[in-house]
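Engineer: how would this look folded up:
(chains A and B)
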Amino acid sequence: MKSLLATAMLMLSGAVAAATPLPATSVLQLSSRFTDQDGKSFVLSDRRGHVQVVSMFYSSCKFVCPLLIDSGLGLDKALTAAERAKLRVLLISLDPARDTTAALNALATKRKLDRTRWTLARTDKDGVRKTAALLDVRYRQLADGEFNHTSGLILLDSEGRILTRTEKLGATPDPAFLAAVRKALKASK
Amino acid sequence: MRRLLLTLLLVPTVAQAGGGVRDAGYVRIPAGEYKSALRYEDGDGRTKVAAFSLMKRPVTNAEFLAFVRAYPEWRRDRAPSVFAEPGHYLSHWRSPVDLGPANLPLQPVTQVSWFAATAYCEAQGARLPTWAEWEYVAAADETRRDARSDPAWRERILGWYSKPANVAMSPVGKGPSNVYGVQDMHGLVWEWAEDYAAMMVSGDNREQKADDRLKFCGAGAIAMDDRENYAVLMRVAMLSSLEADDSTSSLGFRCAR
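Structural biologist: Numbers count the residues shown, from 1 in each chain, chains lettered A, B, ... in the order given. All right, here's what the predicted structure looks like:
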């Protein structure tokens, strides 16, 4: 009985959470559709409830984009297991033409990403533009098909509000950004 | 120099009478190529533009009001702040659904964010023009597709830009039609571009250090290639400084498709 009640309460709280509108400053309000490396379709609001680190990249990029993944992995490594379990990482491709689900899947495998917490995602051109606008990522496709883009990690709280960002990339996390991640994880349930 | 910049940044107004076009339709723009006032390091100096259609005039207060009524989620009191900065977005209207006496229906709408402008265009099956498309059409005068090398053309445009801001903004459609039949590309409002976020203009690429390169995935910075074309360069500088939820009193838009 107790467990039934608990289940009912859980369902109720879930329903309440879904019914509560997102904060006006939440980037999760974007209506664009995404697909992850496993071919699963989602919208950003599906990710509500988790602190997440977000960035934009493209998989054929040789220089900064591998560094973005290194930075995320470095962050993972610096956290305790309990902290890490609560953090989600979302990398959205700027290059929907070449970053197919298969390409993202291959990259996730190559970099041995924890698919329970890491998402490599693609959306259409329109979605890319709107996501970049929300995250204030500047980008331009070059004549040779590569992209010129600002990079960095952006920290969202569990409601999708931008808390902070860093452009200091590398396997050793930016100390201020790491502290912000810890603080956000602590504040989340 | 600072004074010149300030003057250039003042709200442009058009004092010309006549024109009085009421049709808010689109004009077909033929494909072509031109030399942008921007230099793209990755390009060959020519910018190609495919054929497209562009609104003859910027979107007006009346048109945007009709949109807000049809899509109330874009009312200034309902639009999420992440899409349109509260206190700025449509803040000049008397109420969320009333222009009030201070705003004429045929004046161009301003105080609209990139997200709101994009939503307006999407609602009519259109989109914002890219910067390349905008610059391509804005190069024309009444008789030539590319009038930019003519000092008289440049002077005329700069004259518009340096008009004081304390004059009420003219209604749309009062400026002369350019060779394509498009009006008000210069002299009325700044305009959003779909890819405003692609304008990563650095002060001086030659001095870019390794640290700065880290910000970008690859080469291909943009530089100003035509330093005489202030009118266009001011627009680039302005657009590159904006974020998508920003809105200003001299920034409007038109759609393309």
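Engineer: Now do the helices in chain A.
Structural biologist: Using DSSP state H, the helices of chain A run over A:2-19, A:64-78, A:81-86, A:101-110, A:125-135, A:175-187.
Engineer: Kindly report the same for the stretch 1-150 of chain B.
Structural biologist: B:2-9, B:61-70, B:114-123, B:131-138 (DSSP state H, counting those that start in this stretch).
Engineer: ok, back up a step: and of the helices of chain A, who's closest to residue B:175?
Structural biologist: Evaluated over these, closeness to residue B:175 peaks at helix A:125-135, with 29.5 Å, by CB to CB. All C-beta atoms are positioned from the backbone trio N, CA, C, and that covers glycine.
Engineer: before we move on, the earlier item: nearest to chain A, of the helices of the stretch 1-150 of chain B?
Structural biologist: Taking CB to the nearest CB, helix B:114-123 is the member of those nearest to chain A, at 6.0 Å.
Engineer: returning to that earlier point: include mean neighbour count and mean pLDDT when you put the helices of chain A into JSON lines, please.
Structural biologist: Formatted as JSON lines, those follow (neighbours: other CB atoms under 10 Å in any protein chain shown; pLDDT from 0 to 100):
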{"stretch": "helix A:2-19", "mean neighbour count": "9", "mean pLDDT": "49"}
{"stretch": "helix A:64-78", "mean neighbour count": "20", "mean pLDDT": "92"}
{"stretch": "helix A:81-86", "mean neighbour count": "12", "mean pLDDT": "97"}
{"stretch": "helix A:101-110", "mean neighbour count": "16", "mean pLDDT": "96"}
{"stretch": "helix A:125-135", "mean neighbour count": "20", "mean pLDDT": "95"}
{"stretch": "helix A:175-187", "mean neighbour count": "16", "mean pLDDT": "97"}
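Engineer: now the ones you listed as CSV including distance to residue B:59?
Structural biologist: Putting the helices of chain A into CSV (distance: least, CB to CB, whole Å) gives the following:
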stretch, distance to residue B:59
helix A:2-19, 35
helix A:64-78, 37
helix A:81-86, 45
helix A:101-110, 38
helix A:125-135, 19
helix A:175-187, 40
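Engineer: Include mean pLDDT when you put the helices of the stretch 1-150 of chain B into CSV, please.
Structural biologist: Shown next, in CSV, are the helices of the stretch 1-150 of chain B (pLDDT from 0 to 100):
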stretch, mean pLDDT
helix B:2-9, 40
helix B:61-70, 97
helix B:114-123, 97
helix B:131-138, 95
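Engineer: and of the helices of chain A, who's closest to residue B:28?
Structural biologist: Ranking these by proximity to residue B:28 (CB to CB) places helix A:125-135 first, at 23.1 Å.
Engineer: helices or strands next to the closest one in the packing?
Structural biologist: For helix A:125-135, the contact count by 3 or more CB pairs under 8 Å, 6 or more residues apart in numbering or on different chains; DSSP states H and E identifies strand A:52-57, strand A:88-93, helix B:114-123 as packing neighbours.
Engineer: Make a markdown table out of the ones you listed and add mean neighbour count and distance to residue B:100.
Structural biologist: Output for those, formatted as a markdown table (neighbours: other CB atoms under 10 Å in any protein chain shown; distance: least, CB to CB, whole Å):
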| stretch | mean neighbour count | distance to residue B:100 |
| --- | --- | --- |
| strand A:52-57 | 25 | 40 |
| strand A:88-93 | 24 | 41 |
| helix B:114-123 | 22 | 19 |
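Engineer: circling back: how about the helices of chain A, which one is nearest residue B:121?
Structural biologist: That would be helix A:125-135 among these, by CB to CB, at 11.2 Å.
Engineer: and the closest residue to residue B:251 other than its chain neighbours, what does it touch?
Structural biologist: Closest residue to residue B:251 apart from its sequence neighbours, by CB to CB, 6 or more residues apart in numbering or on different chains: residue B:190 at 4.6 Å. Residues near residue B:190 by CB atoms under 8 Å, 6 or more residues apart in numbering or on different chains: B:235, B:238-239, B:248, B:250-252.
Engineer: Do you have the strands of the stretch 151-257 of chain B handy? List them.
Structural biologist: Taking DSSP state E, counting those that start in this stretch as the test, the strands found in the stretch 151-257 of chain B are B:190-191, B:222-224, B:251-252.
Engineer: looking at the ones you listed, which has the lowest confidence?
Structural biologist: Lowest mean pLDDT of the strands of the stretch 151-257 of chain B: strand B:222-224, a mean of 61.
Engineer: any idea how far the closest residue to residue A:30 other than its chain neighbours lies from chain B?
Structural biologist: Once flanking residues are discounted, residue A:30 sits nearest to residue A:44: 5.2 Å by CB to CB, 6+ apart. For residue A:44, the distance to chain B (CB to the nearest CB, to the nearest Å) stands at 11 Å.
Engineer: how about the residues of the stretch 1-150 of chain B near chain A?
Structural biologist: In this structure, the stretch 1-150 of chain B approaches chain A at residues B:40, B:42-44, B:80-83, B:86, B:114-115, B:118, judged by CB under 8 Å from any CB of the partner chain.
Engineer: Tell me which two of those residues sit farthest apart.
Structural biologist: The most widely separated members of the residues of the stretch 1-150 of chain B next to chain A, counting by CB to CB, are B:44 and B:86 (44.3 Å).
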